[in-house]
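*Asks:* got a sequence here, can you model it:
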Amino acid sequence: MEVILRYILAMSFMLAVLLLWFMVQKLSRKVAAQHPEFGSAREEGSGCGGGGKCNCASIDQCTNPKIKHKIKE
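*Replies:* Residues are numbered from 1 along each chain as shown. Model prediction:
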């Protein structure tokens with residue numbers, strides 16, 4: 001019986017952490033929408049070097065070493 005209670009407690013804790021993370025993300029988007037002077041909320045994996053893509057204004061600003069750029073001559 002003690003093992004089952006520990007299992008339920010662990011699963012509940014993980015679910016609570018996940019829900020808390022969703023709430024933090026929602027709050028950060030809300031704050032970013034209310035205060036555009038701070039810029040947009042940066043999501044994980046976006047921007048320069050995120051997700052294997054370069055989302056920078058120019059290819060010269062990209063710092064992701066995994067991206068292979070064509071060198072213009």
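*Asks:* wait, what's in contact with Leu27?
*Replies:* By CB atoms under 8 Å, 6 or more residues apart in numbering, the contact list for Leu27 is empty. From N, CA and C alone the C-beta is placed, and that goes for glycine too.
*Asks:* distance-wise, check it relative to Gln34.
*Replies:* 11 Å (CB to CB, to the nearest Å).
*Asks:* ok, now Lys26?
*Replies:* Going from Lys26 to Gln34 by CB to CB gives 13 Å.
*Asks:* mutual contacts of these two, please.
*Replies:* Listed as contacting both Lys26 and Gln34 by CB under 8 Å, 6+ apart is no residue at all.
*Asks:* and for Ala32, the neighbour number?
*Replies:* Neighbours of Ala32 under the rule other CB atoms under 10 Å: 14.
*Asks:* so what does it have for phi and psi?
*Replies:* Main-chain torsions, Ala32, degrees, to the nearest 10: phi -60, psi -40.
*Asks:* is it correct that it is in contact with Lys26?
*Replies:* No: contact criterion CB atoms under 8 Å: Ala32 and Lys26 do not qualify, at 10.9 Å.
*Asks:* residue ranges with poor pLDDT in this structure?
*Replies:* Applying pLDDT under 70 to the chain flags the ranges 41-73.
*Asks:* just the helices in it please.
*Replies:* Counting by DSSP state H, the chain has these helices, from start to end: 2-34.
*Asks:* tell me the buried residues in stretch 15-33?
*Replies:* Residues of stretch 15-33 include none that count as buried (16 or more other CB atoms under 10 Å).
*Asks:* dump it to CSV, restricted to CA.
*Replies:* Extracted in CSV, the C-alpha atoms of stretch 15-33 (Å, rounded to 0.1, in the frame of the first residue of the first chain):
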residue,chain,number,x,y,z
LEU,A,15,1.5,16.8,-13.1
ALA,A,16,1.6,19.8,-10.7
VAL,A,17,5.0,20.9,-12.1
LEU,A,18,3.8,20.5,-15.6
LEU,A,19,0.6,22.6,-14.9
LEU,A,20,2.7,25.2,-13.1
TRP,A,21,5.0,25.5,-16.2
PHE,A,22,2.0,26.0,-18.4
MET,A,23,0.7,28.8,-16.1
VAL,A,24,4.2,30.5,-16.2
GLN,A,25,4.2,30.4,-20.0
LYS,A,26,0.7,31.8,-20.2
LEU,A,27,1.6,34.6,-17.7
SER,A,28,4.8,35.5,-19.6
ARG,A,29,2.8,35.8,-22.9
LYS,A,30,0.2,38.0,-21.1
VAL,A,31,2.8,40.3,-19.6
ALA,A,32,4.5,40.5,-23.0
ALA,A,33,1.2,41.5,-24.7
